[in-house]
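J.: Got a predicted model here, sequence first, then my questions.
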Amino acid sequence: MTVTVPGPTLGVVGGGQLGRMLAEAAAPLGVAVVVLDPTPDCPAAPVARDQVVGGFDDPDAFETLAARVDTLTFEIELADSDLLDRVADEYGLSVNPAPETLGMIEDKLVQKQELESAGVPIPPFRQVDDADDLRDAVAEFGEVMLKARTGGYDGRGNVPVSDPDDADDAMAAVGGPAMAEAFVDFAREISVIAVQGDGEIRTFPAGENVHEAEILRETVLPARTTDERLERADAVARDVLDTLSGRGVFGIELFETRTGEIQVNEIAPRPHNSGHWTIEGARTSQFEQHVRAVLGWPLGSTRLRCPTVMTNVLGTVEETRPARLGNVATVLEDPDASLHWYGKDDVRPLRKMGHVTVTGDGDHDPDGLLSHARELRRELRFEGTD
């Protein structure tokens, strides 16, 4: 393989915060990025070479993007997998991860069926097409997590159900075909950011995820569990990669049960929120790894630099308003903290607006770093809020 810089131009379907951070990581490698997104001046636009404005299922926009780039990838599951496959073939481009992988992952029922067929450990589940199916699932599993098969993210499309009488309301809430998954009594959720390159696989150390209201709040490295369970999580993540086609970064969310089992929760075929810690905390960030992988370049080191905690900056507002974050100096003055702002024009309740990373040295314990990260986050305020 011959790698030269300036490198090729990478087309990214999706121009949100992930597209923004991909463009930031690509620039030092000499790789230009063109993004496709329906929102004019999307968050990635200021740091990408250019933006094609169009929907994630817009054939004309996809063709415009394909005509301007050397290879294709995506940062959102809403990208039309069939359209990606068609334009890549028409323009002679590679697209990674493979569209067939996106097609499998974007339907949570199909995702679980494929994992089950491959012998990957997962919670019990069943297809749910209507309220009667959901009542049957509750009768079989007890408490379940009802999940929309497509389109759900950040907890949206997920509804816990334990009472059969709630079935009609729950189905209305997810708004379409769904799957019911047996509720897992887990000790913690962990995630492995895994990278599939050109004949090589790398995994980052597993991070421990802290959620509230189904939304990721923090990721802690090292995860506060045993070495044996971390090794098992890494092995399961590698088994998941065997079910997926194409190069790139995959965020693999896992449950660690009270009895020490590791089960797959969900897979993201792209860089993942729980891997944002890698920008400061790892030798090579997940975003640089994704750029390297989809181009077929050698992968970087996934070694942990130091204990690290990432905390999300979420919208602390009750209604949508222009986004202006205050008290930022508190983070900037902290020698161990790094601020990442996503460049979104409007803040909405619990919308991901940025993140703060706090790093330590060998003497810093994860609990202390987590407390410090939370203190810094609490100091940040969107102007106009208490």
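T.: Perfect, thanks for sending it.
J.: Please, where are all the helices along the stretch 201-350 of the chain?
T.: Secondary structure of the stretch 201-350 of the chain by DSSP state H, counting those that start in this stretch: the helices cover 227-241, 278-281, 286-295, 329-332.
J.: does the residue nearest to T311 when sequence neighbours are not counted sit in a helix or strand, and which one?
T.: The spatial neighbour of T311 that comes closest, neighbours along the chain excluded (C-beta to C-beta, 6 or more residues apart in numbering), is A373 at 4.3 Å. C-beta here means a position set from N, CA and C on the backbone, and glycine is covered the same way. Secondary structure from DSSP states H and E places A373 in helix 366-379.
J.: ok, now which ones touch the residue nearest the centre of the chain?
T.: Closest residue to the average C-alpha location of the chain: H272 at 2.4 Å, with C-alpha atoms, centre = their mean. Neighbour list for H272: 191, 193, 249-251, 253, 286 [criterion: C-beta atoms under 8 Å, 6 or more residues apart in numbering].
J.: top of these by neighbour count?
T.: The residue in the contacts of H272 with the most neighbours, by other C-beta atoms under 10 Å, is V249 (34 neighbours).
J.: Near the nearest residue to it once chain neighbours are set aside, how many other residues are there?
T.: Computed as C-beta to C-beta, 6+ apart, the closest residue to V249 that is not its neighbour in sequence is H290, at 4.1 Å. Neighbour count for H290, taken as other C-beta under 10 Å: 30.
J.: I'd like to know how far H290 sits from D41.
T.: Remark: distance between H290 and D41 (C-beta to C-beta, to the nearest Å) = 23 Å.
J.: now do G315
T.: For G315, the distance to D41 (C-beta to C-beta) stands at 19 Å.
J.: likewise V33?
T.: Look at V33 and D41: by C-beta to C-beta, they are 15 Å apart.
J.: The two - which one has more neighbours?
T.: Between V33 and D41, counting by other C-beta under 10 Å, V33 is the more crowded of the two (26 against 13).
J.: Am I right that that one is in a strand?
T.: Yes. Secondary structure assignment (DSSP: H, G, I helix; E, B strand; the rest coil) places V33 inside a strand.
J.: Tell me who's in contact with it.
T.: With C-beta under 8 Å, 6+ apart, V33 has these contacts: 9-12, 19, 22-23, 26-27, 44, 47-49.
J.: Just give the number of residues close to C306.
T.: The number of residues packed near C306 is 15, by other C-beta under 10 Å.
J.: these two touch, right, it and T357?
T.: No. Taking C-beta atoms under 8 Å as the definition, C306 is not a contact partner of T357, at 10.9 Å.
J.: on that earlier part again, nearest to G300, of the contacts of V33?
T.: The shortest gap between G300 and any of the contacts of V33 belongs to A26, at 13.2 Å (C-beta to C-beta).
J.: The closest one in helix, strand or coil?
T.: With three-state DSSP as the basis, A26 sits in helix.
J.: So it sits against L10, correct?
T.: Yes. Assessed by C-beta under 8 Å, A26 is found in contact with L10 at 6.1 Å.
J.: who touches both of the two?
T.: In the contact map built from C-beta under 8 Å, 6+ apart, the residues linked to both A26 and L10 are 32-33, 291.
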